[in-house]
Structures are given as C-alpha cells and as structure tokens.
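Colleague: Just need the structure, nothing else, for what follows:
(chains A and B)
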There are 2 protein chains.
Amino acid sequence: MKKNLKGFLRATALVTMSGSGIAATLAVSSAQAATECGAKPAVPAHHVIPANNETVHWGYFSKVRKPQAVVHSGDFVTLETLTHHANDDADRMVTGDPGAESVFKWSKTEKGVNRRGAGPVDASILGRGAGEGFGVHVLTGPVYVCGAEPGDVLEVRILDMYPRPSGNPKYKGKTFGSNAAAWWGYHYNDMIEEPKPREVITIYELDAAGGEDWAKAIYNYRWVPQTDPYGVVHKTIDYPGVPVDHSTITKNPGVMKDIRVPIRLHFGTMGVAPVEADFVDSIPPGYFGGNIDNWRIGKGGTMYYPVSVEGALLSAGDSHAAQGDSELAGTAIEASLTGVVQVILHKKQDLAGMAIEGLDFPLLETDTEWVVHGFSYANYLEALGEKAQSEIYSKSSIDNAMRDAFRKMRHFLMTAKGLSEDEAISLMSVATDFGVTQVVDGNWGVHGIIRKDVFSGDTE
Amino acid sequence: MKKNLKGFLRATALVTMSGSGIAATLAVSSAQAATECGAKPAVPAHHVIPANNETVHWGYFSKVRKPQAVVHSGDFVTLETLTHHANDDADRMVTGDPGAESVFKWSKTEKGVNRRGAGPVDASILGRGAGEGFGVHVLTGPVYVCGAEPGDVLEVRILDMYPRPSGNPKYKGKTFGSNAAAWWGYHYNDMIEEPKPREVITIYELDAAGGEDWAKAIYNYRWVPQTDPYGVVHKTIDYPGVPVDHSTITKNPGVMKDIRVPIRLHFGTMGVAPVEADFVDSIPPGYFGGNIDNWRIGKGGTMYYPVSVEGALLSAGDSHAAQGDSELAGTAIEASLTGVVQVILHKKQDLAGMAIEGLDFPLLETDTEWVVHGFSYANYLEALGEKAQSEIYSKSSIDNAMRDAFRKMRHFLMTAKGLSEDEAISLMSVATDFGVTQVVDGNWGVHGIIRKDVFSGDTE
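Modeller: Prediction:
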C-alpha cells in the first residue's frame, strides 16, 4: 500500500465487516440497504470486507444477493478476494487461512458455500453440484452504493492490490497461484502431444511481500478424475472448488526451468449486477463488466461501469497474479489477492459533457491509457434472449468482438474527446492498438487502447 | 543513423546503385545474378538502393523480377522507400524529389512505372490501369542474396530507419504522410455520420530530422472522383498513385487539434518473393512476410523469413510513420522512409538447434520481445489454390488468424525454448500477449508477443 494512501485511509472512518458483523448488520436486501444509507457523512468511510463463506458469492452475479457493505460515493473499500482454484493445492492455498477454509470447506454432509454457479441449486441438470458450476468465480460482495440507479455510472479506482499470503506456516511469506489449462481453453482440441486431450494444472509461487516482480512455476500435474466429498466424480474440471486429492496425481517438479512470469496483479472479474436475470453466470463478461480478464485492471486503474440496478451492487474476485492477453489456456495464474478501491458515483444527470457520457460498456482508465472493451456481444444477455447464458458459449467470436471494440472506441473518441467521425477513424488507424483480451469466457473480448499523451491538451 | 553504425558502415565497401548503374549492372535475371556473386569478400559491402522508377516494383512480389542488388550474407543495404500515397499531396510528397518524381510521373502518354499490381498489364478486367491495382505498395528491390535457396531462412536486421525529407523547398526539413480511410477499411460499411460511405485522406506532418517523436495532422479532405492522366475516372481509391487534383477537393485545415500521434517508423511491407506465382498481389501477407503491417518491424527489429526461391529476393516498402494495431481504416501514416538493413543467410543444414529451426512463418525479434505472426491462412497462396489471390479477400478472419498465431507461438516456445507442450500452453496463458495486427489486408493478422526477459537464462 502506498504511504499516502495509508495516511489517507487513516483519516477515514473504519468499518470492518467481519463475518458476524455482516450477519448482524448486512444480512439485508437491497431495499433494506437503501434505508441504511442515511445522509452522506463528511468524512469518507473505509469499509473492509474480508473473504469468508458469508461475504462471498460463488459463480454468479446477482441483483438479489444481499449487500455485504453499504457505502457512499467517495468511500473506500478493502476487498479480500479468494481464487476459486485454491483447492488445486489446498495445502498451499487453503490450509491455515480461516477465510479460505470457511469457503472451501466441503465434508460428506456440508459445503462452506453450497451454490457454485448460476444453475439450479438442486443440480437437477448435470448433477455436478448446487449451481452446476455455470459460473466459477469466487466473488466478494456485493457493495451497495447509496443513491446509485440505472443510468448512472460507477467509477471504481483501484488504489492498491497485493497478494494474500499463504496461511500455512510451512509457506510463510509466499503466495501461490494455479494455472489450469482446462477443457474450456482455446488449445484444448488442438494439441500435438499425447495424451489428447488433457487438463494440466501448474502451480506458481510468488513473493507475498512483493519484493519480486516475478512468479515461478514449482510443479505441474495432469488432472485425473476426482471424487468430491459428496461422491460425485469429476472427470474434468467441471465444478469449481473440487478438492484435488494429491495422492491421486503425479507431480512434475522443476517445470518451466529458468522461466520467470512477470507479475500483473489484477481482478479478472469485477463488475456491477446485471438487471437481466436474478442469477447471471460469472463467466461471460458484458456491459456490466464482470469477467473481463484484462490484466490492466489492477493497481492504478480506474473502471467505469454503467449501473443497471439500484445500489449498483459491485463485486470483485477471480484475482490473478499474471495473465497474458487472450488467457489462452482458460485461466491466468489464479491467486488470492486483496484490493483497495474507492467508489465514486456519477449520476445520470451529471454525465453530459463528461468522457463517460452515454457509456454503455465497461471502460478502463490507467495513468497512461484509455481502454475500451469489446465483446462478441456487447450485451449478450439482451441479444441472445432467454437462453442467453447457454447460447453465448456457441457464439464466441473474436471477429465480432473486434467489431464491437471498434464501435466503442469510436464512441469514446467522439464523446470524450470531441472528435468528428473522420478524425476518430484516422486516429484509430494510426494510434489505437487493438488486442485480444480473452478467448475463453464465452463472450470473447477485444480491447482497444489509446494513449492519453496523444491528447496533448490533456492535463491528466 | 546511430554513430556506431555510421562508423561501421564506413568500414564497408560502398556500392551505390544509381538508376543508371542498375541499368548497366543489374538488369539481370536471378540466374544471371547468381553468376555475379563470386566469392564472399572479406569485408561486408554496403549497398545503397535509391528509390526511383527503375529500382521499384509496384503492387506485387515477384520471383521473376530482376534483382536490384546482389549481396552476400552479412552485407548491409540502405533501402530508400517511397509511399504509394505520395500523390495524395504531390506538392508535399513528390515535387522536388527526383526519385519520387520518376516513380509518380504520369502524363497523357506515359507513366514512370506502368504496372501497378499483380493483375494483367493490359488492364483487361476492370480497366483501372496496368496491373489493375491488385496490390498497391511501392517496393524497392528485390535484393538477391547469394547462396539463398528454398528451405533457408533469411535474417534481416533493421539497423536504422529515418524519414525522407520533402524535396520541395517550401517544406524544407519536413516529412509528410497520408492516412487514407479507404473503401477497404474496417470501418467503411459501418459509419455513423453522413455522407455514407466516404473515403477520407488526412495529411500528417513530421519533423524530418527526428527531433520530435510525434506527427500532427495538418488537414483532411474527402475523396472525390479523380480523372487520371489517361482519362480513367477513379470514383474511389481503386488504383495506386492516381494524382489528386487539389482544385477538386475541399481541404479542412486544423483537424485533430491538439492531437499528437506517436511516431513508429516501420516497414509496412517487407518480405521475400513467394514461389507460388510469378506475380503476387502485395496486399495479403503470408509465410514470406510481405504486408504484415506490424509497427514493431522498425529500427532495432530483426525479421526472419523462410526462403522459397533462389536468392531469397528481398523487397521492402509501404513505409509508415505510425500505425496502430489493426490499421483500422486501411492505411497507416503512409510516409516515405529510408531503412538500413543487414541481411544474414541461415542455410537449411545449419538450422538444427536454432530458434528458427523449422520456421515456416515470418518471425520478429526485437531487443525485448519475440513476435510471431498468424494470419487467416498461414499460406493462403497454397491453401486457396489457383484463385487464391482473389479468394483471400472473402475469407478474412481474425478468429482464424488467432488460431494460426497460437500454433506458431506454441511451435516457437517448443522449438526455440525447448518447452514441453504443457509448459508452452501454460506460459502462453500467463505471459503471452496476442494482438490484432491488421484487419485490412485480406489475409488478416494476429500477432503473439513473448517478452525475452521471461527466459531469465537468456543472455540476449
């Protein structure tokens, strides 16, 4: 955490949300939350939401999920997040961490978090478990933002982000992450070595104190069928949080020798609740943000989200230690992290003349760049109708995402920078970089980047 | 030019190819060129190929084109290149520059360079002019590399690159470029402002001495039908080098106010002659390189091309002052530049164990990165058969280009870095960035970037 941030946060009113505190004060609906807002205090508050089985929701965004914090515009929120891949190596990523233990707890009779995904809780379709794994990310929240209404824009400044140290004394000072080259990866049906196909987990280690800018692989293993505590056999990685029994796998130590992976701490998933359905699969990103999987959404970045439900309902998770543009194999280095954000509400009536006027997509601002996010479908929930959440997976397209990104960048340049269409088109051709955000989240992504220093009149 | 490079070049044997010199010594076929090779001299030679109507070929790569220089591995070549968009503003980009004047000369009875494109020279299809504009880039060369044979790899180190100053005394010390938002642009059928559709030329200015890192727009105009000196009317930009009559257009000065475009000097097009046909449209890139349009192919970059014809036959042109990833509107800031390269031949039998073993695509190495180039079709000339050169334009796909880039990056990591497929896949997911190179050249491109410092054992 930066010194000046520390100082600033000391001046805020600290509101720590412990599990029990939440049970007492925040087990409320959005409607109730609104009544808790009261007048905006003179001093911004600093809310802390730890990650545990009460503060997280697993595999979905939901407008009906109970808020875990009620905040005013300008408030700070420390969000602990847990990777949904922690059980790939529970010894390193769960054991000794009470929050993680409460979330990943799974006995013959009980799960710390039962529902995992937007599917039916009785697992009546595939029998994989409650929620069916239609959505996989452990998300912390939501945060109810007082006064937020559909049509507003929520600004989320990521002030800091740091690794969550292993809770196991054996691994003191280290943080671990898992990269799963999984069946939903881009490579899966296009392999050259035998056996084909296969799923491979690679466990990475990084310095929890941030003294190194690199992660290193320590071993990998190929997935073999795992029987979960309820007795369901998972031949592939088809349900999140299945504990991997390390007596059943073959570990290959010393893989990726001499290779160092540059650290890029970020939220793979952060967004507001979509209005279209009560439970929305956390995997496909959309206008509400969500699982954008852009590694630039880290410390120093500011996201702008169009609000579509009362209170905005911000959640974050799917934290990543590093990822490349495309997230090719299906996951990043999935690692538990903590982020400190400030939320600022922009009311619809105040947007005229602002860079975010008419914003209907998730926009990223960094110190040096503006980044628009295009998807195969700008709003797949609306475009694909009632079965959108299953249909989207058969309609993934980088070509469509590029088209969407082009239109969004044009909108941004014309709205935020006042260019004519002719000026915007020329600038896009000579100075805007389009990249492949991800090809693994159903609603595939292409982002467009324009450097801020292009606009020499900018004081930012 | 860097000082140390200057010093080094002084130690080489200078061979300047003037227009007349070429006529005397290089109006030879490849077969004749081979006989001119002789023994490799002890000191590398420095060849200079100016750009004029004898040294350039326009709109195509060709294995039957006469070499303009015969060089040995290790030799240096200074390549002057001219933008094919110079006649968008002849006053700034042609007038007073004897080389450009010789190329762009077009009277009622004569053209400085008649054939422009890989089409029929009698323009029997569309009547647009010789070559039909099936290919548009002014390319300097080819350079015949002694001893190069199919199966070898040609390394081309770009040691320097600098703008070609305007030859018109009115614009002393300035260089100009043209950005055409043209009918082949990605935006063309997807516009929001009227009139739709339209083509727009934006003229940019940059400091020829390189004192500034920015280009600035000075005016734009919308294309109106132009009648070429032969009397053919060009309603759109359908043939390269048509002189724009500035009395017919409306110039809009002061466009893109306060906007500075970061300079990225590079060759939009550089490559070796493909074996598949005698005349190959210069627009779609492929295994032989060509019109890759990656702005990273500039000073400090090294390209590796698979050789498919005797002598390799390297040509370069389509020089750009700046371009964004995607080259969205169809062109970059098209500006005449000069490059200094060193060519190094790697014989097939020496490739075993090298990073370029088995290379069948154009690979870029920079000081900090390795970059693979994927296309909709890795080799569209082979994949699409006899009509490949027209078929490719209806088969453009970023999705296919991403697939190709993935496979090439995997090949590179496994071959050049000795990784297993499992290691390569994981590294691609967590540390490789895939971007959209271009969506305007028929055979669309996606590139994959891996940082060199990931391989901490690397000494490079």
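Colleague: Could you report the pLDDT at A:S456?
Modeller: A:S456 carries a pLDDT value of 79.
Colleague: scratch that, A:L159
Modeller: Reported pLDDT for A:L159: 98.
Colleague: How about it, nearest residue that isn't a chain neighbour?
Modeller: Spatially, and ignoring its direct neighbours in sequence, A:L159 is nearest to A:V340 (4.7 Å; C-beta to C-beta, 6 or more residues apart in numbering or on different chains). Heads up, the C-betas are built off the backbone N, CA and C, glycines and all.
Colleague: can I assume that neighbour is in contact with A:T78?
Modeller: Yes - using C-beta atoms under 8 Å, A:V340 is in contact with A:T78, at 5.0 Å.
Colleague: Would you agree A:R65 is in contact with A:H57?
Modeller: Yes - contact criterion C-beta under 8 Å: A:R65 and A:H57 qualify, at 5.4 Å.
Colleague: overlap in contacts of those two?
Modeller: Contact criterion C-beta atoms under 8 Å, 6 or more residues apart in numbering or on different chains; residues bridging A:R65 and A:H57 by contacting each: A:141-142, A:315.
Colleague: Nearest to chain B among those residues?
Modeller: A:S315 (24.0 Å; C-beta to the nearest C-beta).
Colleague: Can you tell me how far the residue nearest to A:L159 is from chain B?
Modeller: According to C-beta to the nearest C-beta, to the nearest Å, A:V340 stands 24 Å off from chain B.
Colleague: Any idea what that residue is bridged to?
Modeller: A:T78, A:D160 (DSSP bridges).
Colleague: Count the residues that sit near it.
Modeller: When counting by other C-beta atoms under 10 Å in any protein chain shown, one arrives at 22 neighbours for A:V340.
Colleague: Kindly report the same for A:T250.
Modeller: Neighbours of A:T250 (other C-beta under 10 Å): 10.
Colleague: same question, A:I192
Modeller: Other residues lying near A:I192 total 12 when counted by other C-beta under 10 Å.
Colleague: which SS class is the residue most central in space within chain A?
Modeller: Chain A has A:T269 as the residue nearest its centroid, 1.2 Å off, counting by C-alpha atoms, centre = their mean. Secondary structure, DSSP: H, G, I helix; E, B strand; the rest coil: A:T269 is strand.
Colleague: With neighbour count as extra columns, can I get the shared contacts of A:R65 and A:H57 in JSON lines?
Modeller: As requested, the shared contacts of A:R65 and A:H57 are exported to JSON lines (neighbours: other C-beta atoms under 10 Å in any protein chain shown):
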{"residue": "A:G141", "neighbour count": "27"}
{"residue": "A:P142", "neighbour count": "28"}
{"residue": "A:S315", "neighbour count": "30"}
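Colleague: Redo those residues as JSON lines? Include pLDDT, distance to chain B and secondary structure.
Modeller: As requested, the shared contacts of A:R65 and A:H57 are exported to JSON lines (pLDDT from 0 to 100; distance: C-beta to the nearest C-beta, whole Å; DSSP: H, G, I helix; E, B strand; the rest coil):
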{"residue": "A:G141", "pLDDT": "98", "distance to chain B": "26", "secondary structure": "strand"}
{"residue": "A:P142", "pLDDT": "98", "distance to chain B": "29", "secondary structure": "strand"}
{"residue": "A:S315", "pLDDT": "98", "distance to chain B": "24", "secondary structure": "strand"}
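Colleague: For B:L419, state which of the residues you listed is nearest.
Modeller: A:S315 (36.4 Å; C-beta to C-beta).
Colleague: what pairs with the closest one across the strands?
Modeller: Assigned bridge partners for A:S315, using DSSP bridges, are A:G271.
Colleague: so it touches A:G271, yeah?
Modeller: Yes - counting by C-beta under 8 Å, A:S315 touches A:G271, with 6.8 Å between them.
Colleague: Now do the shared contacts for these two.
Modeller: Counting by C-beta under 8 Å, 6+ apart, the residues touching both A:S315 and A:G271 are A:F61.
Colleague: show me what contacts the closest residue to chain B within the stretch 51-200 of chain A?
Modeller: Proximity of the stretch 51-200 of chain A to chain B (C-beta to the nearest C-beta) peaks at A:E193, 4.2 Å away. Neighbour list for A:E193: B:420-422 [criterion: C-beta under 8 Å, 6+ apart].
Colleague: can I get these in CSV with secondary structure and neighbour count?
Modeller: CSV is the format used below for the contacts of A:E193 (DSSP: H, G, I helix; E, B strand; the rest coil; neighbours: other C-beta atoms under 10 Å in any protein chain shown):
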residue, secondary structure, neighbour count
B:S420, coil, 16
B:E421, helix, 19
B:D422, helix, 22
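Colleague: now, which of those residues lie close to chain A?
Modeller: When contact is defined as C-beta under 8 Å from any C-beta of the partner chain, the contacts of A:E193 meet chain A at B:420-422.
Colleague: Dihedrals phi and psi, the closest residue to A:V224 other than its chain neighbours?
Modeller: Leaving aside its sequence neighbours, A:V224 sits nearest to A:T248 (C-beta to C-beta, 6+ apart; 5.5 Å). When read as degrees, to the nearest 10, the backbone of A:T248 gives phi -100, psi -10.
Colleague: For whichever strand or helix holds A:L139, what is the distance to the chain centroid?
Modeller: Using DSSP states H and E, A:L139 sits in strand A:138-145. Chain-centre distance of strand A:138-145: 11 Å, with C-alpha atoms, centre = their mean, to the nearest Å.
Colleague: tell me what it is packed against?
Modeller: Applying 3 or more C-beta pairs under 8 Å, 6 or more residues apart in numbering or on different chains; DSSP states H and E, one finds that strand A:138-145 contacts helix A:30-36, strand A:45-49, strand A:56-58, strand A:69-71, strand A:76-80, strand A:312-322, strand A:337-346.
Colleague: looking at the ones you listed, which is buried most?
Modeller: Stretch with highest mean neighbour count among the helices and strands packed on strand A:138-145: strand A:312-322 (a mean of 29; mean count of other C-beta atoms under 10 Å in any protein chain shown).
Colleague: send the alpha carbons of it over as PDB?
Modeller: Written as PDB, here are the backbone C-alpha positions of strand A:312-322 (Å, rounded to 0.1, in the frame of the first residue of the first chain):
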ATOM      1  CA  ALA A 312     -25.000  -0.800  -8.400                       C
ATOM      2  CA  LEU A 313     -24.000  -3.900  -6.400                       C
ATOM      3  CA  LEU A 314     -20.300  -4.100  -7.100                       C
ATOM      4  CA  SER A 315     -18.500  -7.400  -6.600                       C
ATOM      5  CA  ALA A 316     -14.900  -8.400  -7.300                       C
ATOM      6  CA  GLY A 317     -12.900 -11.600  -7.400                       C
ATOM      7  CA  ASP A 318     -11.200 -14.000  -9.700                       C
ATOM      8  CA  SER A 319      -7.900 -12.400  -8.700                       C
ATOM      9  CA  HIS A 320      -4.900 -13.000 -10.900                       C
ATOM     10  CA  ALA A 321      -1.200 -12.800 -10.300                       C
ATOM     11  CA  ALA A 322      -0.400 -12.700 -14.000                       C
END
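Colleague: angle of that strand against strand A:76-80?
Modeller: If you take axes from the mean of the first three to the mean of the last three C-alpha atoms, to 10 degrees, strand A:312-322 sits at 50 degrees to strand A:76-80.
Colleague: tell me the mean pLDDT for stretch A:76-89?
Modeller: 98.
Colleague: And stretch A:114-129, by the same measure?
Modeller: Mean predicted lDDT for stretch A:114-129 stands at 96.
Colleague: Report the distance from that stretch to the chain centre.
Modeller: 21 Å.
Colleague: ok, and what's touching that stretch?
Modeller: Contacts of stretch A:114-129 (C-beta under 8 Å, 6+ apart): A:57-60, A:130-136, A:228, A:230, A:232, A:234, A:238-241, A:277, A:279-282, A:389.
Colleague: Done for today, thanks.
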